[in-house]
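# Sharing a model prediction with you, sequence too.
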Amino acid sequence: MYCISNKNISGFTLVETLVAISILLLVIVGPITIAQKGIRNAYFANEQFTAVFLAQEAIESVRQLRDADGLDAYDKLLNSVAGADTWNEMDSFADTCDDENCAYMRGENPLFRPCSDSFANNCEVTRSVSDGTLGHNPSADDTQFTRHVRVTDMVSVGADVVGIQVRVTVTWNAVNLGTRSVVFQTWIYDQYKRYE
């Protein structure tokens with residue numbers, strides 16, 4: 001019979017085992033942390049793009065309102081109808097949204113309603129269940145976004161208002177980043193005044 005001596009058997013010490021586990025954890029945790037930050041940044045970028053598009057939509061709708069007024073006034077001039085005013089709807093928009101924040105109501109009349117209006121739902125943006133579009137419909141699902149449209153200053157020539165400063169603020173609660181906001185601001189002028 002052969003006898004095996006304990007002196008020839010060797011193994012890992014506790015310190016060697018702890019060092020190996022630490023190196024293994026660094027190799028695994030590093031890429032997972034980088035991937036987690038990348039996913040969080042992608043979510044934030046998606047939310048920020050949505051906020052920018054919501055703000056741009058409101059600005060464009062004010063321009064569309066001005067252009068519709070201009071075309072209406074032009075039609076009245078062609079047909080010799082009295083009262084061709086290119087700032088008709090814009091006056092009511094400026095009066096309403098100068099006193100308080102407004103919500104842009106896509107496809108509704110009027111297009112802009114005060115945030116205190118029950119239909120405007122405190123300017124909270126909702127998502128339609130049927131087609132996923134964003135808006136201010138109180139019967140749709142809530143999102144984390146709010147959109148406020150405000151006229152912050154007006155330009156007058158004599159008694160006529162010929163320009164307004166429109167400011168749109170979209171606010172949302174970003175995941176792990178807290179409250180964020182996007183602010184768009186522009187001037188809208190009555191460029192059709194010269195045709196009256």
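Right, received. Where do you want to start? Numbers count the residues shown, from 1 in each chain.
# So, low pLDDT: which residues of the chain?
Counting by pLDDT under 70, the chain contains low-confidence residues at 1-11, 80-86, 193-196.
# how distant is the longest helix seen in the chain from the center of its chain?
When the chain is parsed with DSSP state H, its longest helix is helix 14-78. Centroid separation for helix 14-78 versus its chain: 10 Å, with C-alpha atoms, centre = their mean, to the nearest Å.
# The very next helix or strand once past that helix to helix 14-78, inter-axis angle?
For helix 14-78, the following helix or strand on the C-terminal side (DSSP states H and E) is helix 88-99. Relative orientation of helix 88-99 versus helix 14-78 (axes from the mean of the first three to the mean of the last three C-alpha atoms, to 10 degrees): 140 degrees.
# same for helix 88-99, what does it pack against?
On a contact count with 3 or more C-beta pairs under 8 Å, 6 or more residues apart in numbering; DSSP states H and E, helix 88-99 meets helix 14-78, strand 112-114, strand 141-157, strand 160-174. (Glycine included, C-beta is placed from N, CA and C.)
# ok, 10 Å please
helix 14-78, strand 102-104, strand 112-114, strand 141-157, strand 160-174, strand 178-189 (3 or more C-beta pairs under 10 Å, 6 or more residues apart in numbering; DSSP states H and E).
# With mean neighbour count added, can I get these in a markdown table?
Shown next, in a markdown table, are the helices and strands packed on helix 88-99 (neighbours: other C-beta atoms under 10 Å):
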| stretch | mean neighbour count |
| --- | --- |
| helix 14-78 | 14 |
| strand 102-104 | 27 |
| strand 112-114 | 21 |
| strand 141-157 | 16 |
| strand 160-174 | 19 |
| strand 178-189 | 14 |
